[in-house]
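[1] here is my input, please return the structure:
(2 chains)
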Amino acid sequence: MNTKTMDPINSLKQTGVVFNIQRFSTQDGPGIRTTVFMKGCPLKCLWCCNPESQHIQQEIIFSKRKCIHCNRCLMSCPEGAITVNGDSKLIDRTKCNLCGRCVNTCFSNALEIIGEKKTVQEIMEQIDKDQTIYRNSGGGVTLSGGEPTFQPDFSATLLEACHSENIHTAIETCGYAPWEQYQKILPFVDLFLFDIKYMDNQIHQQLTGQSNDLILKNLEKLAKTGKQIIVRLPLIPDFNMSSQNFDEKMAYLKRIGISVVHILPYHKLGVSKYEQLGLEYQLSDVKSISDIEIDEIKTKYEQAGMQVTLFNHG
Amino acid sequence: MQNMITKKNKYISKFNLKSVDQMSRTERLKKRLLDTVPEVDSERMRLITEAYQQTEGQEIQIRRAKAFYYIVQNMTLRLMPEELVVGNNGRYIKGGVLYPENNVNWIERDLELFNVRPQDPYKCSEETKKEIAKNIPYWKTHSKWNMFQSMVPDETMKAFETEIYNASLALNYGIGHANCSYAKVLRTGFNGIRADIENKLLEVDLALNPNDQEKFNFYRAAKITLDAAILYGKRYTALVSEAANKESDPVRKQELTEIAAICDNVSENPARNFREACQLFFFAQVLMWIEQDGFSYTPGRFDVYMFPYYEKDVKEGLITREEAQELVECLYVKMSEINQFIDTASAKYWAGDPTGQDLNIGGVDENGNDCTNEISYICLDAMEHIRLIQPNLSVRYHNGTPDKLRLRAAEVIKTGIGMPQNFNANIAIDALLNRGVSLKDARNFCIIGCVELVVGEDNWGNGGAAWVTVPKMLELALNQGVSNYGKNKGIRIGPETQDPRTFQSYEEIWSAFEIQLKYFVHHGAIIVNLADWIHGELTPQPFFSSLCLNPLENGKDATRGGTRYNVLCPQAVGIVNVGDALAAIKKTVFEDKIFTMPQIIDMINSNFEGMEAERQLLLNRAPKYGNDDNYVDDIVASVGKTWCNEVAKFTIPRRGGVHSPGIYTVISNVPFGAFVGALPSGRLAGFPLADGGLSPQVGSDKNGPSAVINSAAKIDQRMASNGTLLNQRFHPNTLEGDNGTRNLAALIKTYFEKGGYHIQFNVVSSEMLRDAQQNPDEYSDLLVRVAGYSAYFTSLSPEVQDNIIRRAEIR
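    A predicted model of the protein is given here:
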C-alpha cells in the first residue's frame, strides 16, 4: 500500500484550500468534533447546501442582510465590479479579480472571500484547542467539504497529523475520486461517511453532474478494506425518494456488507448562500419533508435491518 | 404574525394534557401551585407589629425571639388537601409575606403597585392594603434604611446613589443566603437543641464574666425560638389530628393520622425514619423563613443527610423508592409554595419569584470520596417529573463522579427545565482554600441560592450583598469620571481621571479604569459592611443561628459572627463587556492605528450616531470574548482578577471574615445595561450587558460552545470565591438521542477539567420561546433558566423573555 511517512517539518507547512473550520460539530461522526470544510468538489449536486464549496478557487460572497449601505465597497473596487442594485449590491464576477479591497472596507462583513489557503500547522492549532472535549466525548476531527479527496495530499497530511496526536479521524466523501487518492488517505482515516445519492446512473448524472460508476466501485473497494463505513443517504423530495430507488439501494448495501446508515432529509438552510454567490437555486420549488414522512422512511430502513440515525435540521 | 413553529419544536406539556383525575398526587399539588395567583399577605406584618409593640425597650435578640414566638403562636396554619408534608410561612400559597422590620419604605411606596406591576404581580385586596397601611407608621422609625442613612459617610452616600450598585437586598430584606445544619436538626431534634442551649445558659456566670451578657442574651433568645419551633409542630399536630377526625375518606384519614403522629414526634424529637426526616426538614426550612426573609435559605447537601434514613427504611421494608420519590416531590411542592416577596424595582433584577433554595447532590465527603447515593438520583427523577421552580437543583462534580450521575444529569438538563445546574467541586474547594478554609470544611462546601459558595452548615454568607456594574466604571474612565448616560448624565460621579483624548497607551486607560474601579469597590465595601452590620444590630436570627453548628458554641448570633466562617459577597456584572471594550481600544487605536482616541471618544459620546460603519468595524474586527482568542480573553481575565483582588482586600466588621467576590449577574445585566452608555466594543448605549457573568456578549461568540468554555476557563475562577456563572443555550435537535446526552455530559466535564466553576443550560429553541410568548396558556409549566435559577417562562416580563431568546442558540 502506498503509505507515506510524514516529514514533520515540511508536511506541516503543506497548504490546502479550506473554507470553514467548525468546532463543536455533532453530526459529522461520533462525539464532539472539529469539521474542516475543504474547498473543491467533483460533483455539482442540485441540492448542495454548501455551494461555496464546489470550486477550489476563492469566491466572493455578498450577504444582503449584513449590508449597512455605507457604499465603501463601490469606491474601493479598482475594477468597478460592484454596483448598487435597489437595496442590494451586484457583483460582476467577470470583472472581479478577488483583490479583496472591498472586503477590507466592508466592516459589517457583508462581503467576504470564501476559501483560504491554510497550512496543516495552522489547522492543527485550531484542532488542538478542543483536544479535551474530543477525549471526553469520543469525538475527533472530520474532513468535509467540498470533497476531501479533491486535495488528496493535503488531506492525507492533515489526517496523519491528527493520528500522530491520537485524534480520531473521519471524512465525509462523495466517493468520486480515483482510487489512488483514497489509498493516500486510507491509513489515516478511522471512519468513512460515504454519500450514496442515487442508484440509477443516468439519473445520478442528471442530479450530480457525474456518473456513479466510480463512486460505487470505490465504496465496494473501501468495504473490503475493513474500515468503518457509514453510508449517508440524502433524501431529496421529488428526486430520490421513490421506492424503486430505495429497494435498489437496500439490495446493494446489503450485498456489499453495509449495515449502518445516516438519513439526511433535505433542508433549505443553504439557500441563502446561492443568493450570496450570485447563483440561482434550482430546487426552490421542492418542499421540505414532513416529520411524519421522515419517520416512515426511518422505519423502512430499520425494517430492512439497517442501523439508522436520523439527522434532522427541522 | 404567522406562527412558523413546526410540530416537532412545539412544546407539548404532558402535564397540561392531563385531566385532574389522570394526574398523580404531586401533579395535582403542582396544578394547585400553578393555578394560584400570588397574593399579598398582611398577617405576619400585623403580628410582628403587635409583638414589637409589646416588647418596646427590651434587648433586640430577645425581642426578635419573642416576636418569632408570637408569630408562630398566632399565625394561620394551613393544611391542604392531599399533601403529605405540612407547614407554611403564611396564609397563602406563594403569598407575599411582609417583613416590615427590614425596611417599610418600599412597602409603603409600592402598596398601590403590587397588583399592576409588570414583573411578578401580586393580588392585594383592599382589606389587606388597609391592614398594611395601618401598621406602616410604627415601622417608619425602625428600619435598616433609617439606620443606614444615619451612619453612611457623605461621599459613600453619593456613590450609593449612582447606578453603579444594587445593594437593595441587604437593606430591604433579610440577608438569607445561608445553609444551616439540617443534619444536626434531624439528628438532635428541636428538643435536643433546646437542651443544648439550656446547658449553655447554665455555664454563663454574669458575675464572674460580666462581658458574657451578650452570650446570655443570645442563649436566652435562642431558647425562646426553640420553644416556638416546638409549638409550631404541636400546633400542626393538633390541626392535622382534628382534620383526621373529621375526614370521611378512610385512605386520607389514615394518611392524616400518620402525618399527625409524625408532626407530634418531630416537633420535639429527632427523625426516626425517612418520612419524619422529610417533615422535620421542612419544619426547619419554613420556620427559618418565618423568622426572617431573604433569598436562599438553602437545603444544601440533601442527599448526604437524608440517605441514612432512606437506606434504613428500605432495609426494614418501610418505604419503596416510589414512595420516597413522592415524598421528595411533595417537598419540592412545599418549597415552591414559599415566595420571596420583593419590591417592584428589584423584581426586574430577580425576576420570576426565585427563592434560591439550592439543593445540592453529589460531591465528596470529608475524605474526598464520592457521596453520590440513591437519593441523588431520586432528586433528579423527582425534578424531571414535577418540573417546579424550587428547589434549585445543583450537581457537584469531581474527578470521581460516576458516569451514571453525569449522564442522568445531562438527560434531565435535556428536558429543557434548566436544571440541574452544574458545579465543579475541585474549583469550589480550591476557591475556599484560597479564603483560609480547612480542606475538610472546604469539601463540605455548599452552593447557596444561585451559584454562591460557602462552607456548609456553619457559615453566614451574605451571598447577595451587592451587584456592581463594572462597565459603568470604564464609561467613567473614558469621560473623566463624568457619567455619559442614564439619570446622572453629565454629572461627575467618579474620581476625575485623565482626559481620555490624551491617552497615549493602553496602560494609561487601564490605570484610569483601575482608579474608578478601586473607588467604587472601596465605597461599595463601606456600603455592604454597613448593611451587614445593621442586619446584625436590628434583626439578629437566633432561630437560624441555633440550627447552625458553631453559634451555640460561640454564644453568638450568626448575624454577629457566631458561625465558624464569615464572608460578605459583592458580585461583578459586565466584566466581559469591559474586556471587549478594552480589547477594541487596544487593537484599533494603539496597535492597528485605525482610530485615534478622540475618534473613539466621539463615537461613544454620540452613541455612534452617523458612524454605523465604524461601529461595525469595532464589532467585527476587534477581538471579542467567547471565541477562544487569548488577545481579549486575557483582558477579561485581568478585569476579573482585578475585581477579585480589590474586593478580597476588605474585611467584615464585628463578624470578622473577608469579602468574597462573585462574578455573576442574575438578570441585572438587563436593568444595569439600561444605565451604561455606548462602549468601544460597539455595544450601543442602554443595551443589556453580557448575561450570566462569564457568558459572551450577545452575538459575539462565533466559534461554538467549546470555544466559549475555553474562553471562560481562562478566567481564574478560584479567585471568584462567591461563584461565577456561565449560560449556554442549545437547540434541542443538537442534543438529540444518547449521543446528545453524552456530548452534553462531555461538554460539562471538559469545562470543569479546564477550570470552570459553574455551567447551566437552556435546551429550548427560539421558535418555541416565541410561540410561548404568543400562546402563554399552552406553556404554563415551561421552565427556563433565567440566571442561577429556573423560572416559568410565562411569568417573566417581555424584556426578560427577550433577553433569554437573544442568548446565542447552538444548533
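[2] got any ranges where chain A has weak pLDDT?
    A:1-9, A:312-314 (pLDDT under 70).
[3] grab the nearest non-local neighbour of A:Gly31.
    In space, and not counting its chain neighbours, A:Gly31 is closest to A:Gly139: 2.8 Å by Cβ to Cβ, 6 or more residues apart in numbering or on different chains. Bear in mind the C-beta positions are built from the backbone N, C-alpha and C, glycine included.
[4] OK, contacts around that neighbour?
    Going by Cβ atoms under 8 Å, 6 or more residues apart in numbering or on different chains, A:Gly139 touches A:29-33, A:130, A:133, A:168, B:743, B:746.
[5] apply 7 Å and report the result again.
    Listed by Cβ atoms under 7 Å, 6 or more residues apart in numbering or on different chains, the contact set of A:Gly139 reads A:30-33, A:133, A:168.
[6] and what of B:Ala584?
    Listed by Cβ under 7 Å, 6+ apart, the contact partners of B:Ala584 are B:618, B:622, B:680-681.
[7] so what touches stretch B:600-619?
    A:68, A:70, A:72, A:107-108, B:478, B:484, B:500-501, B:584-585, B:588-589, B:594, B:677-682, B:684-685.
[8] which parts of that stretch are buried?
    B:600-605, B:608, B:611, B:613-619 (16 or more other Cβ atoms under 10 Å in any protein chain shown).
[9] keep only those of the contacts of A:Gly139 that are in strands.
    A:33, A:168 (DSSP state E).
[10] out of the contacts of stretch B:600-619, which are buried?
    A:70, A:72, A:107-108, B:478, B:484, B:500, B:584-585, B:588-589, B:594, B:677-682, B:685.
[11] in space, what's closest to B:Pro671 - neighbours in sequence excluded?
    Excluding the flanking residues, the one nearest B:Pro671 by Cβ to Cβ, 6+ apart is B:Lys348, at 4.8 Å.
[12] residue boundaries of the helices in chain A?
    A:8-13, A:72-76, A:101-105, A:120-128, A:131-137, A:152-164, A:179-185, A:201-208, A:213-225, A:243-256, A:271-276, A:291-303 (DSSP state H).
[13] show me which residues of the stretch 601-750 of chain B are close to chain A?
    B:612-613, B:616-617, B:620-621, B:628, B:703-707, B:710, B:733-734, B:742-743, B:746-747, B:749-750 (Cβ under 7 Å from any Cβ of the partner chain).
[14] now the buried members of these.
    B:613, B:616-617, B:621, B:628, B:703-707, B:710, B:733-734, B:742-743, B:746-747, B:749-750.
[15] what's the closest of the contacts of A:Gly139 to B:Gly174?
    A:Ile133 (42.5 Å; Cβ to Cβ).
[16] tell me which element B:Leu453 is part of?
    Using DSSP states H and E, the element containing B:Leu453 is strand B:452-455.
[17] and that strand, which strands flank it?
    Strand B:452-455 pairs in its sheet with strand B:445-448 (antiparallel), by DSSP bridges.
[18] which of the helices of chain A sits closest to chain B?
    helix A:131-137 (3.4 Å; Cβ to the nearest Cβ).
[19] which of the contacts of A:Gly139 tops the neighbour count?
    Compared across those, A:Arg33 has the highest neighbour count, 30 neighbours, by other Cβ atoms under 10 Å in any protein chain shown.
[20] which positions in chain A make contact with chain B?
    Neighbours of chain B within chain A, by Cβ under 7 Å from any Cβ: A:23-24, A:26, A:31-32, A:68, A:70, A:72, A:107-109, A:129-130, A:132-133, A:136-137, A:291, A:312, A:314.
[21] chain neighbours aside, what residue packs nearest to B:Arg741?
    Careful, residue B:741 is Thr and not Arg. B:Ala410 (4.7 Å).
[22] how about the contacts made by the one you found?
    Taking Cβ under 7 Å, 6+ apart as the criterion, B:Ala410 is in contact with B:741, B:744-745.
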